[in-house]
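Q: Quick check, what structure comes out for this input:
(chains A and B)
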Amino acid sequence: MIIVVDGLNRHLFSEVLDDMFELRARVFGGRLGWDVNIQDGKEIDEFDHLDPAYVIGLDDGGNVVAAVRALQTTGPHMLADVFSAILDGEAPIRSATMWESTRFCVDTQRLNRGKDKNSVSYATCELMIGSLEYAKNSGIQDIITVIDPIMDRVLKRSNCAPYDYVGKTAPMGKVSALAALLDCTEERISGIREFAGIHQDVFLEEEEALELFKAKKSAEINPANRDHKPLTELEKYFVEQMSAARNEAERQDVLKLIEALTDTFTTEQKTALLQTPRAFAHEA
Amino acid sequence: MEIVDLSTLPDSETRYTEFLRQICEKHDMDHAAYAGMNPAAGTVAGFVTYDDAWTEHYQNQGLIMVDPTIHMARRSIAPVDWSRLERSPDFQRVFRDASDFGLPNQGVTIPVRGPYGDIGLLSATRKCSKDEWRKLFTHVISDLQSMAVHIHDNVVSSDELTNVLYHPTLSTREAEILQWVAAGKSQQDIGDILSISHRTVEVHLRSSREKLSALTTPQAVGRAIAIGLITPS
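A: Numbering: from 1, shown residues only, chains lettered A, B, ... in the order given. As a prediction, this is how the structure comes out:
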């Protein structure tokens, strides 16, 4: 599920943003070894102070699993400044209908390597769909995105190959970075949707997102049903299954089963269940 | 910041207000307004197509100080549909009286960020149902984005100091493509000549037009020749 956080609603989502800045620190500072500034475990640069828009991917438990940042190319943006090495001294593209996307990242620790809802592949595609649709709905026709060669391969593999590149591939810490062009067209979006099998609306309404975070919080405060609400038979069954699980794969299977029986539960029950058995598992 | 009333300057009011009227006509809007802030010059500029009665009320009540279409929309990078601002108490304060003045109920504000901390806001409004508005919005939003940048760049570069800063710099690729346009080549031809996609040619042309504050490609070619960025063929 995708939420868009910008200057208008960021006061409602400050914890989500903190989670995202921590994810960015792990990805860009840690895994990719970019020369980024990390403080208190968060990667924040000067462009984060310019009210950019963040497109953020969440899992069912309300955890940040993917994120990307968007800025207008008419004003200050990274290619005009810190990534100017990519443009080799050339002036950046400036267009009312082109946004720049930077800091595309996915939580490869929390997500698995398969193709299901909790996979790196799914989260990547969902974030691409979300950011392209957000741009398209805003009248944006193209995105220029600063990525590393690995992400470039991911785009090509995910039925979302850039239609062109601007400038050259420039060294950027342990890896290198390049600027790719993506059109925000229905064809591209449906191509990714087809590839990933994502056909539903990916966006979460502001209210729904706030509900989800509230549920996440209360699950953290009351991890093992400490409020002693009576459990239904089905809920009891899942808690038992979770306690009996001997390894991560078995625990994932229980969570999948809960997902599959979504219709049987209310949203609150489902969130509580997805959190509570985990807590039981931790305690075990 | 002092408020510069550009309407007291020769041609200014007619120029910008006429531009806003053309936007309304082209895109089925009832009214349009532009507000621009230029910290480099320390100025604020505003142009509207609203009736004098509303403009006076707006000024007398000092609504500009709280108007969320200005103070909130500037914090977005995307066009802000006014439905997103409705819950703000300031929105109620500004628009509570709006219907008495015959003002439309649907609107959008497009924020433009310039390179020197300058910000422009183009608003367009129409009296219609939500459904109608949604359809219209989807249809016109891309062009409105371009219009917003166009009026903003023009207003900002009318300030002498900023005009110097705003000196257009084309990339080699952009100049090369404009040069081929001046030589009479089509976008398809240029793509073939340079071995780049047709869409890349279009993207560079769009960028060149905006850097040269031109709405059309022929205008951009003319200006690029005039300031010596390309040569006449």
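Q: Pull out the buried residues from the longest helix along chain B.
A: Looking across chain B with DSSP state H, the single longest helix is helix B:130-157. Of the residues in helix B:130-157, B:133, B:136-137, B:140-142, B:144-157 count as buried by neighbour count, 16 or more other Cβ atoms under 10 Å in any protein chain shown. Any C-beta I mention is one placed from the backbone N, CA and C, and that applies to glycine too.
Q: what's the domain layout of the chain?
A: This is for chain A. Residue ranges for the domains of chain A, per automatic domain parsing: A:2-205, A:222-283.
Q: please go with chain B instead
A: B:2-163, B:168-226.
Q: which bits of chain B sit near chain A?
A: B:72, B:74-80, B:84, B:112-115, B:138, B:141-146, B:148-150, B:169-174, B:196-197, B:199-200, B:203-204, B:206-207, B:210-211 (Cβ under 8 Å from any Cβ of the partner chain).
Q: Provide a list of residues in contact with residue 82.
A: Using chain A. Counting by Cβ atoms under 8 Å, 6 or more residues apart in numbering or on different chains, A:V82 touches A:D45.
Q: That was the other one, I meant chain B.
A: B:T69, B:F91, B:Q106, B:G107, B:V108, B:T109, B:T125.
Q: next one: B:D30
A: B:C24, B:P104, B:T125, B:R126, B:K127.
Q: Export only the CA atoms of the helix or strand hosting B:I190, formatted as CSV.
A: B:I190 is located in helix B:187-194, with elements delineated by DSSP states H and E. Taking Å, rounded to 0.1, in the frame of the first residue of the first chain, the C-alpha atoms of helix B:187-194 are listed here in CSV:
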residue,chain,number,x,y,z
GLN,B,187,11.2,15.6,-34.3
GLN,B,188,11.2,12.2,-35.9
ASP,B,189,14.1,13.2,-38.2
ILE,B,190,16.0,14.6,-35.2
GLY,B,191,15.6,11.5,-33.2
ASP,B,192,17.0,9.5,-36.1
ILE,B,193,19.9,11.8,-36.7
LEU,B,194,20.9,11.8,-33.1
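Q: What is the burial count for the residue lying closest to A:D183 once chain neighbours are set aside?
A: Leaving aside its sequence neighbours, A:D183 sits nearest to A:D142 (Cβ to Cβ, 6 or more residues apart in numbering or on different chains; 5.5 Å). Number of residues near A:D142 (other Cβ atoms under 10 Å in any protein chain shown) recorded here: 24.
Q: secondary structure element for A:F104?
A: A:F104 belongs to strand A:98-106, assigned by DSSP H and E.
Q: Pairing partners for that strand, with directions?
A: strand A:64-72 (antiparallel), strand A:142-147 (parallel) (DSSP bridges).
Q: Tell me the gap between it and the middle of its chain.
A: Put simply, strand A:98-106 sits 11 Å off its chain's centre (Cα atoms, centre = their mean, to the nearest Å).
Q: now it and helix B:130-157, what's the angle there?
A: If you take axes from the mean of the first three to the mean of the last three Cα atoms, to 10 degrees, strand A:98-106 sits at 110 degrees to helix B:130-157.
Q: next helix or strand past strand A:98-106?
A: The helix or strand immediately downstream of strand A:98-106 is helix A:120-137, counting by DSSP H and E.
Q: ok, how many other residues are close to residue 195?
A: Picked chain A for this. Counted with other Cβ under 10 Å, the neighbours of A:F195 add up to 16.
Q: not what I meant, chain B
A: There are 6 residues near B:S195, going by other Cβ under 10 Å.
Q: pLDDT score for it?
A: At B:S195, the pLDDT value in this model is 95.
Q: Repeat that for the one 10 residues further on.
A: B:L205 is assigned 97 on the pLDDT scale.
Q: Does it touch B:Q187 like I think?
A: Yes - B:L205 is within contact range of B:Q187, at 7.3 Å (criterion: Cβ atoms under 8 Å).
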